[in-house]
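>>> just the structure for this:
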Amino acid sequence: MTDGLGGAGETVTAAAEPGGWGRWFGRPGRSLTRRLIWLASAWIVLALVLTGWTLTNQYQESALRRLGNVLSDTIDEVVVATNAAADGSLIVGEVRDDRTLRALSGKYWAVAEPGADGRLRILVRSPSLAGESLTIPDSLPDRLAAARGATISYNDPDGLRARGEGPLGVPLRVAASMKQLPGRTRPVVFLAGIDRSNIDNDTRQFATFTWTALLILGVGLVIAVFLQVQIGLRPLYALRNEIADVRKGRAARVARSYPMEIQPLAEQVNRLLDQNQETVERQRTHVGNLAHALKTPLSVMLSEAGSQTGPLPDLVRRQTEVMKAQVDHHLRRARAAARAQMLGERTPVAEVLDEMAVMLERVFKDKGVVIDWRAPDELAFRGERQDLQELLGNLLENACKWAGRRVRVSAGATGLGQMVVVVEDDGPGLPEDQREAALQRGSRMDETTPGSGLGLSIVVELTRAYGGRISLADSDLGGLKAILELPAAEA
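Below you'll find the predicted structure:
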C-alpha cells in the first residue's frame, strides 16, 4: 500500500530557489558565474563609455580646429587689408570674402582697439554684421596681451541679435588676435566670428550615431561574455552534478574526464571518496573483530552456566545475557556511526516498510495485529538498508507488542532534506512523565512483557548517529505515537 503522507507526516514542499533574471542578477559574489559576468560587463560598460566620450570629444575638437583655421585665415586677410592713416585712424581695404559682404551671413570680422577703461572699442565692422557687434568678454584684452600676438578662440552661445527681430539663435565661434601695425602706437585687435551651428549639429549627429553603435556593441559583448562564461564553466557544472549524484547515491565515483584545470579537483574528490570508504571498511573490520572476540567468550560462559544449577550459575547466566545485549547494542551503534558517514547510500522506505509489515503481521498473527502503512514510492532514506530495517523494526515491534489490533505507519519527506516516519498504535499508550525514561537504554515500562529494554534505546542511538531525532506523543488511535526524523535521499 503506497500513498501520500497525511496527518503529522504531511510533505512540506521547500521554497523554490529564485529563477529567471533574479537568479543571474542577484547579489554579485554569491556565484562564480554572476561574478564573472558582472565584472566583464562592468569593464565593457566603462570601456565603451570612455570610448564614446573620447570619440565625441575628439570629433568636436577636430571640428573646432577646422573653424579656428578658417577664422585665422580671415583675420590674416583683414590684417593684410588694414593700414594706418597719418592721423592714426585705420583704413580697411577690400576683403575678398563674399560671406563677409552679405548681412548676417554667418561669417563676420571686426577691428577694435583697447580703450582707456581697458575695454575693447570696435572701430571697423564687416558689412555682414549689419551694424551689430561681436560679443567681447571683459577678460579678452588681458588674455590677448598675455598671448603676445597669438590667436585666442572662444564661444559666443547667444550669437548676434538682429534689431527688432530678437535673437538669431545661432551660436558663434570667435577668434581674436592683437597686432601692432606700423605707424600706430596703440595695438589693434582683429576679431573674426563664424556660425558654429552646423558644427554643433554634426557633433550631435556623430554623438548619436557613436553612442547607438557602442550600445549595440556593448549589448553584443555582454551576450558574448554570458555565452562564453556559460560554455567555459560547463565542465564545472558537470562536476557539480556528478558530485551531487554521488551524494544522492546515484553514482559511486566521479567518472567523467575534465579539462586540465579542474581534472585534479575531480581526482581529489575520488581520492576522498576512496579514503572515506576505506575508513568505513576499516571500522567495520575492527567492529567485527571485536564482536567475534567478545561473543565467543560470552557464549562459552552462557553454555557453562546453563549446564549447571544453583544460585551462582543463574547469576552468571543472567549477567552474561545482559553483557551480551550491551555488547550487541554498542557494536550496532559503532557500525551505525561508521555507515552514517558514507556518501551515496540510498534505501527506499516503502520496500522496508512492506517487508517489516509482512514479517511482523506473521509474528503477531495470534493477536490479529494489522499494520496499515503509507509511504510515497520515491521516498528514500539516506543510509544503509540494514539500519533502516533495525530502526523501523524496533518501532513496529514495540507498537505491535502494545497494540490492541491496529498499527498505523505514515512516512513522507519534509522538503528540508529530512524525512519523517510516524508509528501509531491503539494500545494503552504511555503517560507523558514516563516517555523520556522509555527512550533510555535498558528501561522497561512493564517487566511482564518480554524483552531486554534496549529496543527504543537502539532506535535513539541509531537516529542520533544519522543526525535525526525521535519523540513520543499521544496517538489519535488511543495509544502511543512515535515520530522518527531521519535524513532523506534526494530524488
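
>>> relative to R96, how far out is A85?
Computed with C-beta to C-beta, to the nearest Å, the distance linking A85 and R96 is 22 Å. No exception for glycine: its C-beta is placed from N, CA and C like everyone else's.

>>> and what of Q263?
81 Å.

>>> looking at these two, which is more packed in?
Per other C-beta atoms under 10 Å, whichever of Q263 and R96 has more neighbours is Q263, with 14 against 9.

>>> not counting sequence-adjacent ones, nearest residue to the more buried one?
Closest residue in space to Q263, ignoring its immediate chain neighbours: S257 at 6.9 Å, by C-beta to C-beta, 6 or more residues apart in numbering.

>>> what's the pLDDT at Q319?
According to the prediction, Q319 has pLDDT 79.

>>> swap that for W53, sorry
In the prediction, the pLDDT value recorded for W53 is 96.

>>> OK, contacts around D138?
Remark: with contacts taken as C-beta atoms under 8 Å, 6 or more residues apart in numbering, D138 is in contact with R119.

>>> buried residues in stretch 195-206?
Residues of stretch 195-206 classed as buried under the neighbour-count rule (16 or more other C-beta atoms under 10 Å) are 195-196, 199-200, 203.

>>> could you pull out the helices in the stretch 351-491 of the chain for me?
Listed in chain order, the helices found in the stretch 351-491 of the chain under DSSP state H, counting those that start in this stretch are 385-402, 432-438, 455-465.

>>> including mean neighbour count, could the ones you listed go into a markdown table?
Listed next are those as a markdown table, based on neighbours: other C-beta atoms under 10 Å:
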| stretch | mean neighbour count |
| --- | --- |
| helix 385-402 | 21 |
| helix 432-438 | 13 |
| helix 455-465 | 20 |
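
>>> coming back round to it: if I look at the residue nearest to Q263, how far off is D202?
For S257, the distance to D202 - C-beta to C-beta - is 59 Å.

>>> over to D195?
D195 sits at a distance of 13 Å from D202 (criterion: C-beta to C-beta).

>>> any weak-confidence spans in this structure?
The model of the chain has pLDDT under 70 over residues 1-30, 158-169, 249, 284, 288, 291-292, 328-344, 440-455, 491.

>>> let's see it at 50
1-26, 28-29, 162-167, 442-454 (pLDDT under 50).

>>> which strands and helices lie in contact with the lengthiest helix in it?
Among the elements of type helix in the chain, defined by DSSP state H, the one spanning the most residues is helix 32-81. Under the contact definition 3 or more C-beta pairs under 8 Å, 6 or more residues apart in numbering; DSSP states H and E, helix 32-81 sits against helix 21-24, strand 107-114, strand 152-156, strand 172-179, strand 188-195, helix 197-232.

>>> ok, P182 - contacts?
Taking C-beta under 8 Å, 6+ apart as the contact definition, P182 lies against A84.

>>> re earlier: out of the helices of the stretch 351-491 of the chain, which gets nearest to W373?
helix 385-402 (8.8 Å; C-beta to C-beta).
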